[in-house]
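*Asks:* Quick check, what structure comes out for this input:
(2 chains)
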There are 2 protein chains.
Amino acid sequence: MKSSSTRGKRAQPRAALSAGPTSAAPATAARGLSRRGLLGLAGAGVAGIGLGVAGDRAAVAASSGSEAASVSPVYPFYGNHQAGIVTPAQDRLHFAAFDVSAGTTRAQLIELLRDWTVAAASMAAGQDIGEYGAVSGPYDAPPEDTGEAQGLPTAGLTITFGFGPTLFETADGVDRFGIVGRRPADLAPLPHFPGDDLDAGRSDGDLCIQACSNDPQVAVHAIRNLSRIAFGRAALRWSQLGFGRTSSTSTAQATPRNLFGFMDGTSNIKAEEPEVVADQVWVATSDGPAWLAGGSYLVARRIRMTIETWDRSILSEQEAVFGRTKGSGAPLSGGTEFTEPDFVLTGREDRPLIGAAAHVRLAHPTQNKGMKLLRRGYNFVDGNDELGRLEAGLFFISFQRSPAQFTAVQLNLAKHDALNEYIRHVGSALFAAPGGISDGSYVGAALFA
Amino acid sequence: MKSSSTRGKRAQPRAALSAGPTSAAPATAARGLSRRGLLGLAGAGVAGIGLGVAGDRAAVAASSGSEAASVSPVYPFYGNHQAGIVTPAQDRLHFAAFDVSAGTTRAQLIELLRDWTVAAASMAAGQDIGEYGAVSGPYDAPPEDTGEAQGLPTAGLTITFGFGPTLFETADGVDRFGIVGRRPADLAPLPHFPGDDLDAGRSDGDLCIQACSNDPQVAVHAIRNLSRIAFGRAALRWSQLGFGRTSSTSTAQATPRNLFGFMDGTSNIKAEEPEVVADQVWVATSDGPAWLAGGSYLVARRIRMTIETWDRSILSEQEAVFGRTKGSGAPLSGGTEFTEPDFVLTGREDRPLIGAAAHVRLAHPTQNKGMKLLRRGYNFVDGNDELGRLEAGLFFISFQRSPAQFTAVQLNLAKHDALNEYIRHVGSALFAAPGGISDGSYVGAALFA
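*Replies:* I've put the predicted structure just below:
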């Protein structure tokens, strides 16, 4: 066997394939995980991490995906806003909600957020987490990184953190983290919408992490390693994989299709509209609280689609429900996909070409006092139910300056949308995603300042 | 509203992005689904499908995945063997097992297999299913294709069919399909292996379909549409998505990593070894039965990995368990990934460098009388359990000339493999995948001849 003296070279970027909008995020290997974070990796009582020296880290060139080498931007983790919001929507998602473990103190929560920040910055830069990473380091300790992303490029990985309303609640009458008074007034549980059929086990959470990447294995690796770091301090409450993005957040992206076979969200907020983004997505300093300035509210909704019923509806019904053609995605009032819908134009019997209950009408900003959402959802299929129906749907994610934007649009939809016959909201969560993180700081630092 | 006279142009290939080993599979649009298959699409009682005429099908260019345009081979559906076996393993999987519905007759089962064949050939060629596809055809009927693959290239889609042991069983004493006497002797339920903890709801099935593609949405689209066609004749029993391939079936592919962070299956059977493939993968005419010649046996095992426990094991233990280094994947006896392991070479205290219980030793052909498996498995994560542990693992798939190959290797592993401490087999199925399908015929035709 090799002796441990042949091991332990510091972690280097995993692959040299990265190329994209920015060359690389700052190196983070020198800034280590906390002692507690390392114990999380090891399980209580295991020592020895971080003590190894010397040795070569193998250069690995495997790839889990044929696309891996072709499209692998690297997005900066640190900046004025968190990445993964106006970033061009990546193809795959792993989303996780956590509850802080009982007994965790304020100091331990801060330490967790610091550890998460350091690890997330490493992964977003295409590096393993920790000082030695996945495949080197001392033989007598668990590897710091779990290793399944070895050899994979960054594939546009972004990691976005959020804080749920329950993080600000007292536990047994105690202000456990000292932040009860700092909860944003807007960070209240979402109202119950007509038709909601929510599963508590798929809803809410103290903390959330959204990991998006063009390679699903890279997104899974991120959530897994962040969950592992949280060991003893926070535990997974629920999680969701999404295989196909359903929204574009850049004008450079084509509009994809949902599992009803339609393009939806054509009029989504795009990164190329900075005024709209500033007006509709980012929490302004004047909105308060100050610690959330530059952040955004994240709404997640698990929407089950009864695709078998949908698939038996006739084409004219399907198009009437969305208010768009199934082929080109053009509004039924005419034109092409990006033509503004005309909600007044009528056809035979003077009925509007886009019906009163059409999804495109009810979701449109003109029908919602100009309010828009930045949608960032994903298609999912989680096996099938006992009746042989695919457990399929849309994992809806939206970012907005205020939850009131989502609530207004969703109330409109929940009451009137023709689509309601074919969908069921089964999970729901709201989080405040803090503003951008500066190198050397950690996510939510202003909340604890 | 548009009148239906503006609709109904016949389905054309979805996207012109396809390029690969073959230019395209034969056009299949002219060979239609059965009346019953069309009713499956529509639900009982809806008429009108296939009657539409004229109109334009929109040219759609959206893409769900950034990789979609870059790597999109088209593999021929018809041929001497079914595709999806020695085909270079694609990145994503949707696998489904079906049970034939009670009351389905032999003629109806054959009709289902014909319908599946026609639809699978269309999709493998990058076409919608049906005469009119997803977005055209008569307004007063459900679209024939569900549409979420509109605008996506084929992304190397292969669709592989298999028949389970239960398909050959009597129901209430009746030989319902007239094939009880044609069951291959080898197509018997797999034995119970030590440590098996099988869930009946994730095991077995009368029929199976393996859909592999580099775009998960294309694989999901295939299973969904084939399930839909089966309506009333066969129903989904269980299904599984896999996000990352864990095996290479071509020397042109790099060995990917499993969720333990290791390369495994380095010595997998490769398409470039035709003698090995002939010897180990394809059922020979002399093996019998004649209807299965050119086919293969498909074993599927859902293997849950207790990754949290694994992640706390030390690096030397992890490497000892696999018998390989975590970095380069080289056997612990030295060399590089593709160096043949030396099971005799000893280190200190004269102990073998690759331990007696190491996975690489126990799975190696030299330890299994030369028997090999063509492995084609996928990593999966299906959310998390109630304790916050990721529901993660390996969906193992192997193809072999005889199930005895799998049984021998798995018995060896189940008894001795050091990996057993970290895994649990929770699902199991065996299918006979018939030989290749010739254009104009259908999968398993020889069985019913």
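
*Asks:* Not including adjacent chain positions, what is the nearest residue to A:Gln82?
*Replies:* A:Thr160 (5.0 Å; CB to CB, 6 or more residues apart in numbering or on different chains). To be clear about C-beta, it is placed using only N, CA and C from the backbone, and glycine gets the same treatment.

*Asks:* quick one: contacts for the one you found?
*Replies:* Neighbour list for A:Thr160: A:82-85, A:209-212, A:298, A:433 [criterion: CB atoms under 8 Å, 6 or more residues apart in numbering or on different chains].

*Asks:* redo that, cut-off 7 Å
*Replies:* Residues near A:Thr160 by CB atoms under 7 Å, 6 or more residues apart in numbering or on different chains: A:82-85, A:210, A:433.

*Asks:* what about the helix or strand hosting A:Val220, average pLDDT?
*Replies:* Taking DSSP states H and E as the definition, A:Val220 sits inside helix A:216-229. The pLDDT scores in helix A:216-229 average 98.

*Asks:* Please identify the helix or strand for A:Gly162.
*Replies:* Going by DSSP H and E, A:Gly162 is in strand A:158-163.

*Asks:* I meant A:Gly370, not that one.
*Replies:* A:Gly370 belongs to no helix or strand, assigned by DSSP H and E.

*Asks:* Can you give me the pLDDT of A:Gly37?
*Replies:* At A:Gly37, pLDDT is 83.

*Asks:* The closest residue to it other than its chain neighbours and chain B: what is the separation?
*Replies:* Spatial nearest neighbour of A:Gly37, chain neighbours left out: A:Asp115 (3.7 Å); criterion: CB to CB, 6+ apart. From A:Asp115 over to chain B the distance is 15 Å, taken as CB to the nearest CB, to the nearest Å.

*Asks:* Check which helices and strands the helix or strand that A:Asp115 is a member of is in contact with.
*Replies:* Taking DSSP H and E as the criterion, A:Asp115 maps to helix A:106-124. Where contact means 3 or more CB pairs under 7 Å, 6 or more residues apart in numbering or on different chains; DSSP states H and E, helix A:106-124 is packed against helix A:35-42, strand A:158-163, helix A:216-229.

*Asks:* Make TSV from those and add distance to B:Leu394 to it.
*Replies:* Below are the helices and strands packed on helix A:106-124 laid out as TSV (distance: least, CB to CB, whole Å):
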stretch	distance to B:Leu394
helix A:35-42	22
strand A:158-163	25
helix A:216-229	13
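
*Asks:* Might you list the low-confidence residue ranges for the stretch 301-449 of chain A?
*Replies:* Regions of the stretch 301-449 of chain A meeting the criterion pLDDT under 70 are absent.

*Asks:* near chain B, which residues of it?
*Replies:* Within the stretch 301-449 of chain A, the positions near chain B by CB under 7 Å from any CB of the partner chain are A:307, A:311-316, A:326-328, A:347, A:353, A:379, A:381-384, A:388, A:390.

*Asks:* Try it again at 6 Å.
*Replies:* Within the stretch 301-449 of chain A, the residues that sit near chain B (CB under 6 Å from any CB of the partner chain) are A:311-312, A:314-316, A:326-328, A:347, A:381, A:383-384, A:388.

*Asks:* Please pick the buried ones from those.
*Replies:* Listed as buried from those are A:311-312, A:314-316, A:326-328, A:381, A:383-384, A:388; burial here means 16 or more other CB atoms under 10 Å in any protein chain shown.

*Asks:* so the residue nearest to A:Gly37 touches A:Ile229, yeah?
*Replies:* Yes - shown here, A:Asp115 and A:Ile229 form a contact pair, counting by CB atoms under 6 Å, at 5.1 Å.

*Asks:* what sits in contact with each of these two?
*Replies:* A:Gly37 (CB atoms under 6 Å, 6 or more residues apart in numbering or on different chains).

*Asks:* which ones are touching the most centrally placed residue in chain A?
*Replies:* The residue lying closest to the centre of chain A (CA atoms, centre = their mean) is A:Gln210, at 2.8 Å. Applying CB under 6 Å, 6+ apart, we find A:Gln210 in contact with A:84, A:95, A:160.

*Asks:* Any chance of TSV for the residues of the stretch 301-449 of chain A next to chain B, columns secondary structure?
*Replies:* As requested, these are exported to TSV (DSSP: H, G, I helix; E, B strand; the rest coil):
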residue	secondary structure
A:Asp311	helix
A:Arg312	coil
A:Ile314	coil
A:Leu315	helix
A:Ser316	helix
A:Lys326	coil
A:Gly327	coil
A:Ser328	coil
A:Gly347	coil
A:Val381	strand
A:Gly383	strand
A:Asn384	strand
A:Gly388	coil
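
*Asks:* Secondary structure added to the contacts of A:Thr160, as a markdown table?
*Replies:* Shown next, in a markdown table, are the contacts of A:Thr160 (three-state DSSP):
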| residue | secondary structure |
| --- | --- |
| A:Gln82 | coil |
| A:Ala83 | coil |
| A:Gly84 | coil |
| A:Ile85 | coil |
| A:Gln210 | strand |
| A:Ala433 | strand |
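
*Asks:* Buried ones from those, can you make that a ChimeraX selection?
*Replies:* In ChimeraX, this line selects whichever of those come out buried by 16+ other CB under 10 Å:
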select /A:82,83,84,85,210,433
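
*Asks:* which residue ranges form the helices in the stretch 301-449 of chain A?
*Replies:* Shown for the stretch 301-449 of chain A, the helices assigned by DSSP state H, counting those that start in this stretch span residues A:307-311, A:315-322, A:359-362, A:403-416, A:445-448.

*Asks:* quick revisit: quick check, nearest of the residues of the stretch 301-449 of chain A next to chain B to B:Ser136?
*Replies:* Nearest to B:Ser136 among these, counting by CB to CB, is A:Gly327 at 6.8 Å.

*Asks:* Hmm, B:Gly133 and the closest one touching each other?
*Replies:* No - counting by CB under 6 Å, A:Gly327 does not reach B:Gly133; the two are 9.5 Å apart.

*Asks:* Tell me the bridge partners for the residue nearest to the centre of chain A.
*Replies:* Beta-bridge partners recorded for A:Gln210 (DSSP bridges): A:Phe95, A:Thr160.

*Asks:* so who does the residue lying closest to A:Ala358 once chain neighbours are set aside touch?
*Replies:* Sequence neighbours aside, A:Gly323 is the residue nearest to A:Ala358 in space, at 3.1 Å (criterion: CB to CB, 6+ apart). Contact analysis of A:Gly323 by CB under 6 Å, 6+ apart lists A:332, A:354, A:358-361.

*Asks:* one step back: which ones are touching the residue nearest to A:Gly37?
*Replies:* By CB under 6 Å, 6+ apart, the neighbours of A:Asp115 are A:33-34, A:37, A:229.

*Asks:* now the residues you listed as TSV including distance to B:Gln253?
*Replies:* As requested, the contacts of A:Asp115 are exported to TSV (distance: CB to CB, whole Å):
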residue	distance to B:Gln253
A:Leu33	34
A:Ser34	39
A:Gly37	36
A:Ile229	32
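
*Asks:* just these now: which is nearest chain B?
*Replies:* A:Ile229 (10.5 Å; CB to the nearest CB).

*Asks:* That closest one and A:Ser441, how far apart?
*Replies:* 18 Å (CB to CB, to the nearest Å).

*Asks:* Give me the distance between the helix holding A:Asp115 and the centre of its chain.
*Replies:* 17 Å (CA atoms, centre = their mean, to the nearest Å).

*Asks:* Any buried residues in it, and which?
*Replies:* A:108-124.

*Asks:* Extract the C-alpha set from it and format it as PDB.
*Replies:* Extracted in PDB, the C-alpha atoms of helix A:106-124 (Å, rounded to 0.1, in the frame of the first residue of the first chain):
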ATOM      1  CA  ARG A 106     -26.400  31.100  16.900                       C
ATOM      2  CA  ALA A 107     -22.600  30.700  16.700                       C
ATOM      3  CA  GLN A 108     -23.000  27.300  15.200                       C
ATOM      4  CA  LEU A 109     -25.500  28.500  12.600                       C
ATOM      5  CA  ILE A 110     -23.100  31.300  11.600                       C
ATOM      6  CA  GLU A 111     -20.300  28.700  11.400                       C
ATOM      7  CA  LEU A 112     -22.500  26.500   9.200                       C
ATOM      8  CA  LEU A 113     -23.200  29.500   6.900                       C
ATOM      9  CA  ARG A 114     -19.500  30.200   6.700                       C
ATOM     10  CA  ASP A 115     -18.700  26.600   5.900                       C
ATOM     11  CA  TRP A 116     -21.400  26.500   3.300                       C
ATOM     12  CA  THR A 117     -20.100  29.700   1.700                       C
ATOM     13  CA  VAL A 118     -16.500  28.400   1.500                       C
ATOM     14  CA  ALA A 119     -17.600  25.100   0.100                       C
ATOM     15  CA  ALA A 120     -20.000  26.600  -2.400                       C
ATOM     16  CA  ALA A 121     -17.400  29.000  -3.600                       C
ATOM     17  CA  SER A 122     -15.000  26.100  -4.200                       C
ATOM     18  CA  MET A 123     -17.500  24.100  -6.100                       C
ATOM     19  CA  ALA A 124     -18.700  27.000  -8.200                       C
END
